[in-house]
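**Student:** Return a 3D structure for these sequence lines:
(one chain, ligands or ions: 2)
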Amino acid sequence: MSKSSSSFTCTACGATHKKWQGRCDACGAWNSIVEEAPLSAGPKSLGHKGRAIQLTDLATEEDPPPRASSGIDELDRVLGGGLVPASAILVGGDPGIGKSTLLLQAAASFARTGLKVLYISGEEAAAQVRMRAQRLGLQDAPVGLGAETNLRDILTTLDAERPALAIIDSIQTMWLDTVEAAPGSVSQVRAAAHELVTFAKKRGVAVVLVGHVTKEGQIAGPRVVEHMVDTVLYFEGERGHQFRILRAVKNRFGPADEIGVFEMTGNGLAQVTNPSALFLSDRDRPAPGSAVFAGIEGTRPVLTEIQALVAPSTLGTPRRTVVGLDSGRLSTILAVLEARCGIPFTGLDVFLNVAGGLRVNEPAADLAVAGALLSAREDVAIPPDMVLFGEISLSGALRPVGQTENRLKEASKLGFQQATLPTGSKTVGGTDMRLRQMPDLTAFVGEMFGA
Ligand code: TYD
Ligand code: MG
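**Tutor:** Ligands and ions are numbered 1, 2, ... in the order given. You can find the predicted model right below:
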């Protein structure tokens with residue numbers, strides 16, 4: 001094989017480059033690019049004649065088979081209402097976050113509803129998987145176990161067994177003998193995923209591929225197979241927190257951005273059915289720098305506490321440290337506060353944090369972020385029974401956001417008595433909360449902080 005025909009591939013995102021470079025232009029990762037041999041052609045096939053199906057013919061067939069419920073509500077919701085037959089699902093996450101635990105519990109739960117499930121581990125021996133099952137109290141669940149990394153053997157087994165669901169833990173350990181690259185390389189991971197996804201569609205077997213998020217180096221990350229699967233879920237959590245969040249980032253069969261919340265316990269993952277209570281649990285008295293945001297995660301309202309700390313800086317360029325929010329959004333809000341309300345943060349370090357390890361992506365969080373920042377800067381606590389939400393525009397105006405009623409309902413349910421929100425928000429009444437509607441940030445600053 002001539003050297004010139006090899007390519008340089010990013011193990012984080014799968015982008016290919018003409019030559020080696022330290023940083024991938026496509027995803028920005030450092031030291032993620034490795035040299036890979038090109039995909040070998042593999043055995044030549046003669047090719048089969050395809051057959052086109054009329055869309056109208058399909059419409060006369062029965063409705064698609066109903067989704068299978070796992071019996072774990074938090075998982076079903078993230079899947080978009082249960083497992084779709086013959087679909088391909090990727091579950092990504094940092095090593096040690098609890099992917100194998102989640103999927104073994106899911107496997108057992110599906111199996112107990114009567115589904116035929118195979119759990120294939122390429123990382124642990126069958127005995128180790130069994131030990132884990134024992135720890136989780138699942139040793140009696142009718143799940144088929146396999147410890148195998150040769151994909152050819154796995155496909156043969158799946159073809160013979162025809163389970164409804166096959167879990168492959170993890171895709172980075174699988175290898176195909178037709179690909180001349182090490183297991184875990186971009187070409188092996190892609191080829192293995194391709195074979196499994198094709199098999200899923202052809203044979204009507206739903207497959208779950210587990211993928212470790214890799215920080216750098218030689219092992220391909222789950223992003224390189226994201227485009228091949230129907231559903232992409234990431235299992236996230238902050239170290240030191242016992243909460244785990246399963247987040248749908250892509251879903252052909254349901255809403256993206258849906259989350260399921262779990263708690264890691266001594267015997268496996270437990271569902272958290274009321275996440276708002278959880279994310280607010282450590283706040284008992286009013287504290288400057290804290291604001292409660294009434295947010296929406298997927299289809300569900302979730303209240304979270306936004307915490308800010310503002311302190312004089314000793315650095316030439318003050319610190320801007322953000323956990324759980326977009327740092328660009330923080331810069332924008334700081335700029336609007338300075339330009340439109342005359343409240344500068346120059347010479348001040350700013351730390352911003354979403355309590356409980358949740359990640360908030362909604363622009364609706366702007367007002368709560370501004371509230372937390374101002375409250376920290378002025379050392380004035382926001383009333384502890386107040387929630388805030390609303391988008392801040394560059395002009396300093398507050399823009400109404402969607403699902404106002406759901407947000408208020410959730411806040412009211414949890415005992416909050418007042419809400420600060422943009423003027424013009426669609427509230428159809430029916431709430432007994434005190435609503436403070438504000439047209440812009442200047443009015444908000446005046447009312448809350450008397451500035
Ligand atoms: P694991 O599912 O092996 O993670 P992954 O497959 O994502 O690498 O989970 C590993 C961690 O979870 C490990 O640190 C131990 C912890 N754990 C519990 O706290 N309780 C349990 O019941 C189990 C099975 C694991
Ligand atoms: Mg694992």
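
**Student:** Number of residues surrounding the residue of the stretch 351-451 of the chain found nearest ligand 1?
**Tutor:** Using CB to the nearest ligand atom, the closest approach of the stretch 351-451 of the chain to ligand 1 is made by G357 at 15.3 Å. From N, CA and C alone the C-beta is placed, and that goes for glycine too. Here the count is done by other CB atoms under 10 Å, and G357 has 19 residues near it.

**Student:** Please go through this protein and pick out the longest helix.
**Tutor:** What stands out as the longest helix in the chain, according to DSSP state H, is helix 186-203.

**Student:** So which elements touch that helix?
**Tutor:** With contacts taken as 3 or more CB pairs under 8 Å, 6 or more residues apart in numbering; DSSP states H and E, helix 186-203 sits against strand 7-10, strand 33-36, strand 88-93, helix 151-161, strand 165-169, strand 206-212.

**Student:** Would you format the ones you listed as a markdown table with mean neighbour count and distance to ligand 1 included?
**Tutor:** A markdown table is the format used below for those (neighbours: other CB atoms under 10 Å; distance: least, CB to the nearest ligand atom, whole Å):
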| stretch | mean neighbour count | distance to ligand 1 |
| --- | --- | --- |
| strand 7-10 | 20 | 23 |
| strand 33-36 | 18 | 23 |
| strand 88-93 | 25 | 5 |
| helix 151-161 | 16 | 18 |
| strand 165-169 | 27 | 7 |
| strand 206-212 | 26 | 7 |
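
**Student:** what does this protein have sitting close to ligand 1?
**Tutor:** Residues of the chain that fall close to ligand 1, judged by CB under 6 Å from any ligand atom: 93, 95-101, 132, 135-136, 264, 266-268.

**Student:** check contacts around S70.
**Tutor:** Counting by CB atoms under 8 Å, 6 or more residues apart in numbering, S70 makes contact with 76, 79, 82-83, 106, 109-110, 113.

**Student:** Taking those residues, please make a ChimeraX selection of just the buried ones.
**Tutor:** ChimeraX command restricting those to the buried ones, with burial defined by 16 or more other CB atoms under 10 Å:
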select :76,79,82,83,106,109,110
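
**Student:** Among the contacts of S70, which one lies nearest to M433?
**Tutor:** Nearest to M433 among the contacts of S70 is D76, at 31.2 Å by CB to CB.

**Student:** Now do the SS call for whatever residue of the stretch 101-250 of the chain ends up closest to ligand 1.
**Tutor:** When scored by CB to the nearest ligand atom, the stretch 101-250 of the chain has T101 as its residue closest to ligand 1, at 3.4 Å. Secondary structure, DSSP: H, G, I helix; E, B strand; the rest coil: T101 is helix.

**Student:** bridging residues for the residue in the stretch 201-350 of the chain positioned nearest to ligand 1?
**Tutor:** With CB to the nearest ligand atom, the shortest gap between the stretch 201-350 of the chain and ligand 1 falls at G268, namely 4.2 Å. Beta-bridge partners recorded for G268 (DSSP bridges): T265.
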